[in-house]
Structures are given as structure tokens and as C-alpha cells.
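**Student:** turn this into a structure:
(one chain, ligands or ions: 1)
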Amino acid sequence: MTQLGTALITGASSGMGAVYADRLAKRGYELVVIARNEPRLQVLADRLAGETGAKVEVLKADLTARSDVRRVEQRLRSDDSVTLLVNNAGMGTRQPVLSEDIDFLESIVELNVVAAHRLAVAAAQVFAARGRGGIINLSSIAALHPEHTTATYTASKAFILNLTQALHTEAGPKGVRLQAVLPGATRTEFFSRLGVSIDSRFPREMIMDASDLVDAALAGFDQGELVTIPSLPDVQDWEKFVAARLALEPNLSHRKPAARYRLTGAAH
Ligand code: NAP
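**Tutor:** Next up is the predicted model:
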């Protein structure tokens, strides 16, 4: 085992996950790379092992299948060398939910929410018990604008953002580093898998390369950020947003409803 330990990366066969694998192997991590496409993972593993000398293990799993999620969880729980989870596998939705197949939408929830939740919580439990470890969860800027994203996708990514913030409160004091990464439009296979061209959906200046995205996200991780929005020029904009949310807190739970909800003139 290397000093840094082993990073377990879901969705490592393409896009950001493959870049995370590259960067973490080059930093000196050993890897377990996870996705459905085993031959693709093997090509990546062979290249990284050749270039860096890192030990790279391929673990084929369909994370919409709960039995496969449990296998990955077992791998994470049983191996003391695992020090980092990159909870990255995820899928987008094709069209507004009113015209979408609900079984397809549920498979997005299985992958983006159920699997990601299980792996993040399992990692938080084992890392907290060991007193060290890191969890990087791929959320999305979609978490911040439900008005402009499909319902299932924005909800799934908001779940990941809140999950990360709350796990940080619990596991942070026990030595576990948490980070939610909120990419904007990023050039990966994410859109082409849905039969959509990213260039037809966004102007060029809104699309980041996956390598820039992951390098920025890792810089944010190194700086100890809980939430990293790689595109956001001024971090104070995010801090103001959090401060506005926290300002609601003293008034979110009272014995009596707010005055505007007290019925006037109605029979009691
Ligand atoms: P991508 O290139 O499509 O990569 C998705 C990865 O997830 C692939 O390795 C894929 O591998 C894996 N995956 C998909 N379904 C899976 C399943 N059922 N079981 C296991 N693995 C599965 O997309 P990406 O952009 O890099 O996405 C990475 C993360 O970033 C996702 O969580 C996504 O929601 C988020 N994100 C992306 C964007 C964007 O614009 N690209 C923006 C914000 C957030 P296999 O097909 O081999 O299984």
C-alpha cells in the first residue's frame, strides 16, 4: 500500500471519472476503478499502471443494481487501504419528466441517489472509524437551479449536495474530508449518452473541458473546500448564498404559524 492509500472511483470508464483516475494515479494513489464497461476500464488501468507504476484494479459493476452496489460497498468496507472515495458515476435525463418513461427516471435515482448515498455513507462510517479518509461527491450546478433542469436530475444532485454538507457536519470532526463538486456543462460523454450534442445545448464559452474541471476540483479539495464550483469566479457569491440560507434558521420552526397564515373570520 502506498502512503496515500487506495482511491475508489465510480464511473471511471469515461469523462471526469477517467480524469480523476489519471490525476490520482499520478499523485501516488493506488486505484479501484468502477463502471459497467469492463474492457474500457481495463484499457485505462493498463495505461495508468504502465505510466505511473500504480496498482489499478478493475471492478465491473452496474450501480443501478443494488446487488452490485453492495459488492462495491463490501470492497470499500473490507479494505483498510481505501482512503478516498470519488463518488462520480451519474447519468442525466433526456427530456422533461412529463414526457419521460418513469422507469428510466427511477434508474437515474438508483444511480445518482441510491448508489451514491450508500457508498458515501459506507465510506463515512469506515473512514470515521479509522480517523481518516476523503469523500468526493459529484453533484452539479443543476442542484442550484431547479427552474432550468429536469426535475429528477436537479433533485438527485441537490440530494448529493445536502448529503455532503450533512455528512461533513457528522464525519468532519472525526477526520473525514468531504467535498461536493458542482460542475457546469462539461465536455464528457454525459450528453452524447442521452443522444444530445453538448454544443447544440450550450455556447462554447459555457463548456469546460473535463481535465480543467477535475484539476480545479482537486485544487478545491486540496484547499479544504466543502463545496467546489469550478466555474464560479468569486467564492464570496457562494458564501453569501449559504449565509442567506443560514439566516432563515432562527425562524424555520416555531410553535405557532406565521401571522400571514392565521385565518381571520373563519369558524373554529
Ligand atoms: P460520462 O462521461 O457519461 O461518465 C459517466 C460515468 O458513469 C461513466 O464512467 C459510466 O461508465 C458510469 N456509469 C453510468 N451509468 C452507470 C451505471 N449504471 N453503473 C456504473 N457506472 C455507470 O459523464 P461525466 O460528465 O463524466 O459524469 C460524471 C459525473 O458528473 C456524473 O455524476 C454527472 O452527473 C456529473 N456532472 C456532469 C456534468 C456534465 O456536463 N458533463 C455536469 C454536472 C455534473 P459505464 O458506461 O462504463 O458504466
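**Student:** what residues of stretch 192-202 count as buried?
**Tutor:** For stretch 192-202, burial by neighbour count (16 or more other C-beta atoms under 10 Å) applies to Ile198. For the C-beta atoms, the positions are set from N, CA and C on the backbone; glycine is no exception.
**Student:** residues in contact with it?
**Tutor:** Stretch 192-202 is contacted by residues Met91, Gly92, Thr93, Arg94, Ala185, Arg187, Phe190, Phe191, Ile207 when judged by C-beta atoms under 8 Å, 6 or more residues apart in numbering.
**Student:** for the first one, grab phi and psi.
**Tutor:** Looking back up the chat, that one is Met91. phi -130, psi 150 (degrees, to the nearest 10).
**Student:** list the contacts of it.
**Tutor:** Contacts of Met91 (C-beta under 8 Å, 6+ apart): Ser107, Ile108, Leu111, Asn112, Phe190, Arg193, Leu194.
**Student:** ok, the second one to Glu249 distance?
**Tutor:** As judged by C-beta to C-beta, to the nearest Å, Ile108 and Glu249 stand 31 Å apart.
**Student:** more neighbours: those two, which one.
**Tutor:** Neighbours per residue, other C-beta atoms under 10 Å: of Ile108 and Glu249, the larger number sits with Ile108, 21 against 8.
**Student:** my read: the more buried one touches Thr154, true?
**Tutor:** No: applying C-beta atoms under 8 Å as the test, Ile108 and Thr154 come out as separate, 11.2 Å apart.
**Student:** below-threshold pLDDT in the stretch 151-268 of the chain: ranges please.
**Tutor:** 265-268 (pLDDT under 70).
**Student:** could you pull out the helices for it?
**Tutor:** Under the criterion DSSP state H, counting those that start in this stretch, helices of the stretch 151-268 of the chain are mapped to 151-171, 198-201, 210-222, 235-248.
**Student:** contacts for the longest one?
**Tutor:** Where contact means C-beta under 8 Å, 6+ apart, the residues beyond helix 151-171 that reach it are 87, 90, 92-93, 96-97, 100, 105, 108-109, 112-113, 116-117, 120-121, 124, 127-128, 135, 137-140, 142-143, 145-146, 176, 178-180, 182, 226-227.
**Student:** next, the angle helix 235-248 makes with that helix.
**Tutor:** Interaxial angle, helix 151-171 versus helix 235-248 (axes from the mean of the first three to the mean of the last three C-alpha atoms, to 10 degrees): 80 degrees.
**Student:** what about helix 151-171 and the ligand, touching?
**Tutor:** No: if you take C-beta under 6 Å from any ligand atom as the test, helix 151-171 misses the ligand, and the best it gets is 6.7 Å.
**Student:** save the contacts of stretch 192-202 as TSV, and put in distance to Gln42 too.
**Tutor:** Output for these, formatted as TSV (distance: C-beta to C-beta, whole Å):
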residue	distance to Gln42
Met91	22
Gly92	26
Thr93	30
Arg94	29
Ala185	29
Arg187	24
Phe190	22
Phe191	25
Ile207	29
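**Student:** no further queries at this time; thank you.
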